[in-house]
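Peer 1: Attaching a predicted model along with its sequence, questions to come.
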Amino acid sequence: MAQTFEEISAADFFYRNRDIAGFTNPSRAIFAAVRELVENALDAAESLRMPPDVYIRLLFEGEAGKEAQIYRLRVEDNGIGVPPRHIPSAFAQVFFGSKYKLKQARGTFGLGGKMAILYGQITTHQPVSIVSSTGRARIYMYRLMIDIQRNRPLILDRKVLINKEGWRGTVVEFSLEGNYLRAMPKILEYFKQTALVNPYANLTFVDPKGRLYKFTRVTEKMPDLPEETLPHPYGVDVELLQRLIQVTPYRNMFEFIKNSFHRVGETTAHKFLEFSNIRPSKNPKKLSHEEIVRLMHMLKQYEEFLPPNAGCLSPLGEELLKVGIMKELKPEFVAVCQRRPATYAGHPFITEVAIAYGGEVPKKGDFIVCRFANRIPLLYDEASDVSVRVIKSMNWRRYKVTPDMPIAIFVHICSTKIPYKTVGKEFIADRPEVKKEILNGIREVARKLRRFLTRREHVDRERKRMGIFSKYLPKIARFSTELAGEEKPPDIRKLIRSVKKFGEEV
Amino acid sequence: MVKKYKGIMIEKKKEILTSLENLGAKIYGQMDNGFFPWIEMPSRSTENIYYDPQIRQFILGDKRVRRSARNIRHVKPFTQLVWTAYFSHELTSQRKTSTLRDVYYSAQAYEMKFKDQQESNSIITDLETVLGFSREDFNIFPEERSAVFGDLTIEYTVPGYEGKTLNLTSHPDGVMIGPALTSSELVKTTADKVIAIEKGGLFTRFIEENVHKRFNAILVLTAGQAPRATRQFIKRLNSELKLPVYIFTDGDPWGMHIATVIISGSANAAHLRELTTPDAKWGGVWATDIINYKLPTDPLEEVDIKRLHELQRDPRYKDPLWQREIKTFLRIKKKCELESFSRYGLAYVVNEYLPRRLSELKG
Ligand SMILES: Nc1ncnc2c1ncn2[C@@H]1O[C@H](COP(=O)(O)OP(=O)(O)OP(=O)(O)O)[C@@H](O)[C@H]1O
Ligand SMILES: [Mg+2]
C-alpha cells in the first residue's frame, strides 16, 4: 500500500498535540485557559502602562462525563484593545500575534489564547465571543470559530456598537470542558502569585460556586516599559540572518551590520568586518547561502561585541517585588535582589530573587519556591525547574536555615526569550548562565536572611537573658532581706538596668 | 552521765542560724551597694579532694570557686542557694525538720522550681560547702532510715518530746535513726561496744540471739551504705560514749566500702567533718574468713574485680589488713554474704564467729 502524505495546519498540529501546550486533561486545561487569558489581559494593560483591572468569571454550565464539566469562562480587561481588523486572527488563528518583537512580554508564541479557545471549541463545539475596543468611537463584537484544518478564523457574527462611555479593553468569553474542583488549588495559587508579582494589578475572580476572590493593588507604580530591540549578534541563527537580509534597506555590509544588530555601532561594525574578512562594501542581498552560514559563525566567534543591554527587559524591580511579597505573605522578613543584566546565547535576561521568612509563609517541611518568568507564575513541574535544582544544591546550614522554617524563595527571570523547556511555559531549562545568576542572587538574599536570623537570635537571647535576671534578682533580694532580717529589700533597679544596658551594647 | 549534747546542740543551732543570717546579710549588703551578689566556697571538683591521713578522712583542698549572680549561668543556682539558706533558716529557727524530697517540693511554693531532686540536692550540698555545716544541721534529712537497738537511754530534745527518755531496747525491731534520735542526748548505757551491721536480716537475728546482752553491744543497722545521720550517730556513740565500733558487712568490695565510708567518710562529703569514725573497725566478712571458715561463695564478677583494683589504690585502704584482704579476694576470686555462716546453723555466727572475731580485733 502506498504511503499517503498530507500537510497539517498549525491549528491542526496543536489540536492533535494539545499536551505540548499544557492542555493535558480537564483540570490542567481549565487552569491553562484561565492563565492564558489572564496573561493576555495583563499584557494588554501593561503595554499602555495602565494598572491592570482584570475580571475573571467561571460559570458552571453542565456535566460532561465523570471527570469533566462544562464551564463558561469570561475574562475582561482594561487593556489596549485589539484593532477590529486583527480581532479574528488574534483570537482564531494560531501563530498570529503582536508579541513576536524583541521585547519582554508574557506572550511570545502567538498561541496561548488560541489554544484555550481551540480547546473550548473542540470540547463544546461553541464559538468564542470577543468584545473589544481600543477606546475610540466603536466597540466591536465578534463570534468566531477556528477553521482547524486551514488555521483560519471563521467569523460567525460581527456587531459594531457606539462606544458612548469611551470604554477600552477586551472581553473574551467561551465555553470549555474542565474540572474546576481539581484545578481549584492551582488556580487560586496562580491568582495569589500573579497578584504577588503584579502588585499594581486588581484581580477579581468569581468561581463556579459564586465565591469572590479579590486581589487588590497596593501600588499604582509599574515597572518601566521594555523597549523594542534589535537582535544581538550572539543570538542569531541562519534563519534570522536570512530574514534580516531580506528586510534590510541597506546595500552594503557595513551599513547592514551597523544597523541590524543590537549594540553594534560604527567602530564595532568595522572591526567585525575586518575580523571576519568581509568586504564592507559587499551587498548583503548577494550573500550566498554558504556565506550566510559563515557570517553566522563569525558573529558568534567575534568576542568584542558589547553585551546586550537590558532596555528590552522590564524587570519588576526590588521595590515592587518586595511590595508584592509583603502584600500576599506579610512575612516577618524579606530580602530582595535584582541581579545585573546577563545574557545567554545573545538573549539578555535579568534575574530577581527574594527570600521571605515567617508571617503567613506556611511551614511545609521544605522551602516554598515561587518561580516567575516575565511576571508569570510557574506552577507545574517544579522539580524540573532550574531554580529548584539550584536551591536543592545549596548548603543551607551555612545560612542558619533548615527546611522546617517558614521560608519562601522567589525567583523571577525576565528575558526576551525565556528558556522554557516546553510551550506550556511551566519550567525553565538548566542554562549555566541562568543557573549562575539564580545561584548568586539566592546567595545574596540568603546572606541577608542569615544576618536577620542571627540578629533575631541575638535579640531573643538578650530578651531571655533579661528575663532570667529580672526573674531571679528580685528573689535573691527578697530571700536575702528575710535572712538578714532587714526591713526593706535592697534597690536592685540599678542592677537590672546594667544588665539591660549590657544587652543592648552587644 | 552529763547531759552535754544538748548544750552543744543549742550552741550549734545558734551558730548555724547566725551563719545563715550572715550569709543573707552579706548578699543583702552587696546588692544594696549596687553590686551583683557573689559568694565563694571551696571547690568540690575531684581535683580538689584530698585524703588527709592526719584526720583520716577526705578533705577539700585550697581551690575555691566563686558564684556570681552577674553570670547568666549562675544566677539561677545562686537564687536557689539563697532560697535554700532562707528555707533552712525557717526550718532551724522553727525547729522543724524536712527531708530532701520536701525541700524539692517546698521550693515550688516560692516559684523556685528545681529541675529535679538531684538539682535540689546539689544546691543543698553547695549550702553545706559554703557554711561548713551538714544538711542535718539545717534540719534537712535524707529519706533512707536505718535503725539502732541496745541498752542506751536517750533523752529527746525535739519539740513536744523535750525531756522524755527512751531506752533503745524498747522496740524489738530497733528504733529508727531519724532526726529526733540524732538530736537526742545520749543519757545512759551499759554497752561497751557498737556493732554495725549492713543487712536487716542479720540485724534481726542478732537481736533474736540477744547479741546486745551477750556482747554488751549497741546494734546499728546501716541498711546498706550508711546514711549521714547514721554515720554521725555512730560517731557520737564512739566519741561521746567512748564505745569501740565494729562493722560487719558482706565479704566483697562493696561491703568493704560500706565499712570504709563509716570509718573514713566519702569523697562526696569531703566538705564536712563530724561524720567519720576513724577508729571503727571492719569485722568481716573477710576474704580470709572465706578460706578459714570454708564459707559458701559466689565467684567475683568483672565489676567486683575492677572495684577491688580501685580500692587497692585508694588511700583509705592503705592499712595492712585492708591490703591483705583485697589481695586475698583477688587471689581466690570469690565473695560471700554475711548470711553464708548459716551453713553451720543459724546461731553459728553469733556463737562462734562473732566472739572469736571480737577478741581478735581487741587483741
Ligand atoms: N486581552 C487582549 N487585549 C489585547 N490584545 C490581545 C488580548 N488577547 C490577545 N491579544 C492579541 O492577540 C495576540 C495573540 O494572543 P495569544 O495569546 O494567542 O498569543 P501571544 O499572547 O502573542 O503569545 P502566547 O502564545 O505566548 O500567549 C496577542 O499577541 C495580542 O496581540
Ligand atoms: Mg498570550
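Peer 2: Structure received. Ligands and ions are numbered 1, 2, ... in the order given.
Peer 1: which residues does A:Ser47 contact?
Peer 2: Counting by Cβ atoms under 8 Å, 6 or more residues apart in numbering or on different chains, A:Ser47 touches A:Gly79, A:Ile80, A:Ala105, A:Leu225. The C-beta positions use only the backbone N, C-alpha and C, and glycine is treated the same way.
Peer 1: Please identify which pair of the residues you listed lies farthest apart.
Peer 2: The largest separation in the contacts of A:Ser47, counting by Cβ to Cβ, is between A:Gly79 and A:Leu225 at 13.5 Å.
Peer 1: which residues sit in contact with residue 63?
Peer 2: The chain I'm using is chain A. A:Glu63 makes contact with A:Gln69, A:Ile70 under the criterion Cβ under 8 Å, 6+ apart.
Peer 1: if you could check chain B rather than the one you did, that'd help
Peer 2: Residues counted as contacts of B:Lys63 (Cβ under 8 Å, 6+ apart) are B:Pro42, B:Ser43, B:Ser45, B:Glu47, B:Asn48.
Peer 1: separation between it and B:Glu162?
Peer 2: Note on B:Lys63: its distance to B:Glu162, by Cβ to Cβ, to the nearest Å, is 43 Å.
Peer 1: What strands flank the host helix or strand of A:Val54, and is each parallel or antiparallel?
Peer 2: Assigned by DSSP states H and E, A:Val54 belongs to strand A:53-63. In the sheet, strand A:53-63 lines up against strand A:69-77 (antiparallel), strand A:202-206 (parallel) (DSSP bridges).
Peer 1: backbone phi and psi for the residue in the stretch 51-200 of chain B that ligand 1 sits nearest to, please?
Peer 2: Using Cβ to the nearest ligand atom, the closest approach of the stretch 51-200 of chain B to ligand 1 is made by B:Ile72 at 61.2 Å. Dihedral pair for B:Ile72: phi -60, psi -30, per degrees, to the nearest 10.
Peer 1: Count the neighbours of the closest residue to it other than its chain neighbours for me.
Peer 2: Spatial nearest neighbour of B:Ile72, excluding adjacent residues (Cβ to Cβ, 6 or more residues apart in numbering or on different chains): A:Arg465 at 5.6 Å. Neighbour count for A:Arg465, taken as other Cβ atoms under 10 Å in any protein chain shown: 17.
Peer 1: returning to that earlier point: strands - which of the contacts of A:Ser47 land there?
Peer 2: Secondary structure from DSSP state E places none of those in strands.
Peer 1: residues in contact with residue 132?
Peer 2: Reading this off chain A. Contacts of A:Ser132 (Cβ under 8 Å, 6+ apart): A:Gly81, A:Val82, A:Pro84, A:Ile87, A:Ile139, A:Tyr140, A:Gly169, A:Thr170, A:Val171.
Peer 1: meant chain B, my bad for not saying
Peer 2: For B:Gly132, the contacting residues are B:Ser19, B:His271, B:Leu272, by Cβ under 8 Å, 6+ apart.
Peer 1: I figured the first one hits B:Leu131, correct?
Peer 2: Okay, so that is B:Ser19. Yes: B:Ser19 lies in contact with B:Leu131 (Cβ atoms under 8 Å); the separation is 4.9 Å.
Peer 1: Name the residue in those two with the higher neighbour count.
Peer 2: B:Leu131 (20 against 17).
Peer 1: Let me see the ranges of the strands in the stretch 101-250 of chain A.
Peer 2: Using DSSP state E, counting those that start in this stretch, the strands of the stretch 101-250 of chain A run over A:128-134, A:138-147, A:152-162, A:168-178, A:202-206, A:212-215.
Peer 1: Sheet partners, orientation included, of the last one?
Peer 2: Paired with strand A:212-215 in the same sheet, following DSSP bridges, are strand A:202-206 (antiparallel).
Peer 1: outside of the strand it pairs with, which residues touch it?
Peer 2: Outside strand A:202-206, the residues touching it (Cβ under 8 Å, 6+ apart) are A:38, A:51-58, A:187, A:191, A:194-195, A:212-217.
Peer 1: Now the buried members of those residues.
Peer 2: A:38, A:51-58, A:187, A:191, A:194-195, A:215, A:217 (16 or more other Cβ atoms under 10 Å in any protein chain shown).
Peer 1: what's residue 198 in contact with, if anything?
Peer 2: No chain in the question, so chain A it is. A:Leu42, A:Pro52, A:Gly324, A:Arg375.
Peer 1: Switch to chain B, please.
Peer 2: Residues in contact with B:Glu198, defined by Cβ under 8 Å, 6+ apart, are B:Thr222, B:Ala223, B:Gly224, B:Ile247, B:Phe248, B:Thr249, B:Asp250, B:Gly255, B:Ile258, B:Leu338.
Peer 1: shouldn't the fifth one be in contact with B:Gly201?
Peer 2: In this case it means B:Phe248. No: with contact defined as Cβ under 8 Å, B:Phe248 and B:Gly201 do not form a contacting pair (12.0 Å).
Peer 1: tell me the pLDDT at A:Tyr344?
Peer 2: Per-residue confidence (pLDDT) for A:Tyr344: 86.
Peer 1: if we can go back for a sec, which neighbours do A:Gly79 and A:Leu225 share?
Peer 2: A:Glu46, A:Ser47.
Peer 1: average model confidence for stretch A:181-195?
Peer 2: Averaged across stretch A:181-195, the pLDDT comes to 96.
Peer 1: Counting neighbours, which bits of that stretch end up buried?
Peer 2: Across stretch A:181-195, burial judged by 16+ other Cβ under 10 Å covers A:Arg182, A:Ala183, A:Met184, A:Lys186, A:Ile187, A:Tyr190, A:Phe191, A:Lys192, A:Gln193, A:Thr194, A:Ala195.
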